[in-house]
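*Asks:* no sequence on this one, just coordinates:
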């Protein structure tokens, strides 16, 4: 439970968010105000909004935890985020998008590409795809935010879900994109300060920049759980090659994390629409400055601190508490559907969990707060010789302790093994998503916990508000208004608001039905990013830079991109395919139809679908009749074509 | 370099900083460059 000071601070934060939402509502007079923030947003507000929308809790806690597990190779994603996601996006995509969007009076990303290619199908198909897949992505962020609030404030998950959703819904529905962007700017500023302090204190804790990295390099010489898939240490790239499981990690890091997310960001509808919210290229130039710094301080810090947390947990951390118990237990190190099928010769009377791989360990339960309940779990050794080198060996004083004694523990554990939770069935599980929060609770001053609470609330709210807004505009403006031919009969803002309500209800229902991190929800962010890149990126590029692209070319490209991505996720890429489950029926229990064939089962769909989708666009465009020259000229700023 | 042995990692670390410097310099040099009307 929280202290009174924390509750008052959070309430003040929510009041400030509410005030900015009201400002957005007050400044909204037209449909353009509601959907593209009146095309007159301040460049720093735009940059902070773009960054805060892009960075959700999964980037800070999720990917930060992955860096704790796999190390600094994730910094290549930060390079991609800054160079492609900010510099290339703002300097090369931003200007033409803003100009074309304004000239064609486009209020949404699907409307922009639909009008550019003079195709209602392109607009409706894009809008429908966004409406189908953003609720999953939004539910992933909503579940993360709700679980965090629920645990921090000690309130029921469903109450937290309702409370959290209503607050965000209120300012998105009333304030439109102005309300979203004003609140994003506040939330982005809080995130910026929080992460900057986290970086400085973390480096101080490990003895400075060079010394911290040197210690991390030294720790990499210890045996690792992930050695079998190519892990070579927290300051090394995984082993590179093809055709052997020991190269899996390289393909996971490079294809899914670095390219899947790094390239996927270029064609996110809720981010591309930001370029249409400023009035000239000058604002975009100014936003580049702030955007680059913001993303460095977000992902660069999360990945660096996640990696460095290993030095702290291994060398520095000391815990005092009361021993509540110590026993042999199974520690789950991997959870994936059917990852551990029951062996044919196994004793059928023994319980077997096919969805987990676990290690035998000796685990100590500690009460560190004095409330009589165990709150910290430390691996103190193993009872199986083969596993012993892989597990931490905690140093506990005084020796000869028993249950009820007060002890001092040095866990001497890597971050992944330190982030243990206890399950109701008595087993324990390593949770990457707990690495960053645990590091903050253990290593940072107590006042920082409150700032980090606001940082994570801000990260979740800023991403969710834009997801909800994109949902509403896609179903309202791009699908209903186009198919229902209600343009001019029913007000666009009213239709969009109804769309937002429907979208929020969908995301809330998914979150209500999946209170844990369900298999599919855990993959939702990767699924959405991969789909956006393969379906929208070639069309977006062609819309801005290739006058010869045809309507048939982009339609073929979008459909091929969709089908290859879905095929790959359902049948080939084992993490998503096993979560969806269809592949098991086809292969008789294997998680990929290409299991055992090279490293295909860990390759991101983007690697296959994006080049094919782009190639289809070029080939079909060259084989089909180009759009009327007058229409193309109009799209690029020429006079309007008379019908 | 920087306490990191693997050149692919320290170069990523430096490229993060260099990309940010590129954004800052570009933004500063083009601060007043870029017309936005009825």
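*Replies:* Structure received. Here the structure is a predicted model, which means the values were calculated and not measured. Numbers count the residues shown, from 1 in each chain, chains lettered A, B, ... in the order given.
*Asks:* which secondary structure element contains the closest residue to residue A:16 other than its chain neighbours?
*Replies:* Nearest non-adjacent residue to residue A:16, counting by C-beta to C-beta, 6 or more residues apart in numbering or on different chains: residue A:186, 6.3 Å away. The way it works is simple: take the backbone N, C-alpha and C, and place the C-beta from them, glycine included. Taking DSSP states H and E as the definition, one finds residue A:186 inside helix A:157-205.
*Asks:* Can you name the next helix or strand after that helix?
*Replies:* Using DSSP H and E, the helix or strand that follows helix A:157-205 in sequence is helix A:209-219.
*Asks:* Give me the buried stretch members for that next one, please.
*Replies:* The neighbour-count check on helix A:209-219 (16 or more other C-beta atoms under 10 Å in any protein chain shown) flags A:212-217, A:219 as buried.
*Asks:* want to throw those residues into JSON lines with distance to chain B?
*Replies:* What follows is the buried residues of helix A:209-219, written out as JSON lines (distance: C-beta to the nearest C-beta, whole Å):
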{"residue": "A:212", "distance to chain B": "7"}
{"residue": "A:213", "distance to chain B": "3"}
{"residue": "A:214", "distance to chain B": "4"}
{"residue": "A:215", "distance to chain B": "8"}
{"residue": "A:216", "distance to chain B": "8"}
{"residue": "A:217", "distance to chain B": "6"}
{"residue": "A:219", "distance to chain B": "12"}
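*Asks:* So, low pLDDT: which residues of the chain?
*Replies:* Let's take chain A. Scanning chain A for pLDDT under 70 picks out A:1-2, A:152, A:337, A:350, A:485-491, A:514-523, A:640-643.
*Asks:* oops, chain B please
*Replies:* Residues of chain B meeting the criterion pLDDT under 70: B:35-38.
*Asks:* same thing but 50
*Replies:* Applying pLDDT under 50 to chain B flags the ranges B:38.
*Asks:* What helices and strands are in contact with the helix or strand residue A:535 falls within?
*Replies:* For residue A:535, the host element (DSSP H and E) is helix A:524-545. Helices and strands touching helix A:524-545, by 3 or more C-beta pairs under 8 Å, 6 or more residues apart in numbering or on different chains; DSSP states H and E, are helix A:95-103, helix A:109-116, helix A:120-153, helix A:262-264, helix A:269-272, helix A:551-567, helix A:574-580, helix A:605-623.
*Asks:* Of these, flag the one that's most buried.
*Replies:* Each of the helices and strands packed on helix A:524-545 was scored by mean neighbour count; the highest is helix A:109-116, a mean of 27, by mean count of other C-beta atoms under 10 Å in any protein chain shown.
*Asks:* which bits of chain B sit near chain A?
*Replies:* B:2-6, B:8-9, B:12-13, B:15-17, B:19-20, B:22-24, B:26-28, B:30-36 (C-beta under 8 Å from any C-beta of the partner chain).
*Asks:* In helices only, show me those residues.
*Replies:* Judged by DSSP state H, helices contain the following of the residues of chain B next to chain A: B:8-9, B:12-13, B:15-17, B:19-20, B:22-24, B:26-28.
*Asks:* Pull out the buried residues from the residues you listed.
*Replies:* Neighbour-count burial (16+ other C-beta under 10 Å) is assigned, among these, to B:9, B:12-13, B:15-16, B:19-20, B:22-24, B:26-27.
*Asks:* Tell me the one among those residues nearest to residue A:492.
*Replies:* Residue A:492 has its nearest neighbour among these in residue B:27, at 34.0 Å by C-beta to C-beta.
*Asks:* how does chain A divide into domains?
*Replies:* The record's domain parsing of chain A by automatic domain parsing lists A:16-310+A:447-517, A:319-343+A:351-410.
*Asks:* chain center to the shortest one, what's the gap?
*Replies:* Okay, so that is domain A:319-343+A:351-410. Relative to its chain's centre, domain A:319-343+A:351-410 lies at 30 Å (C-alpha atoms, centre = their mean, to the nearest Å).
*Asks:* Can you give me the neighbour number for residue A:40?
*Replies:* Neighbourhood size, residue A:40 [other C-beta atoms under 10 Å in any protein chain shown]: 16.
*Asks:* List the residues that contact the closest residue to residue A:101 other than its chain neighbours.
*Replies:* Leaving out its chain neighbours, the residue that sits closest to residue A:101 by C-beta to C-beta, 6+ apart is residue A:276, at 3.8 Å. By C-beta atoms under 8 Å, 6 or more residues apart in numbering or on different chains, the residues touching residue A:276 are A:36, A:39, A:97-98, A:101-102, A:106-107, A:112.
*Asks:* Write out the residues of the stretch 1-150 of chain A neighbouring chain B.
*Replies:* Near chain B, when you scan the stretch 1-150 of chain A using C-beta under 8 Å from any C-beta, you find A:71-73, A:75-76, A:78-79, A:82-83, A:86-87, A:91, A:95.
*Asks:* I'd like the list of these that fall within helices, please.
*Replies:* A:75-76, A:78-79, A:82, A:95.
*Asks:* before we move on, the earlier item: between the helices and strands packed on helix A:524-545, which gets nearest to residue A:312?
*Replies:* Checked against C-beta to C-beta, the stretch from the helices and strands packed on helix A:524-545 lying closest is helix A:120-153, at 21.8 Å.
*Asks:* tilt between the closest one and helix A:157-205?
*Replies:* On the basis of axes from the mean of the first three to the mean of the last three C-alpha atoms, to 10 degrees, helix A:120-153 is oriented at 80 degrees to helix A:157-205.
*Asks:* Tell me how far helix A:120-153 lies from the chain's centre.
*Replies:* Remark: helix A:120-153 is offset 11 Å from the chain centroid, using C-alpha atoms, centre = their mean.
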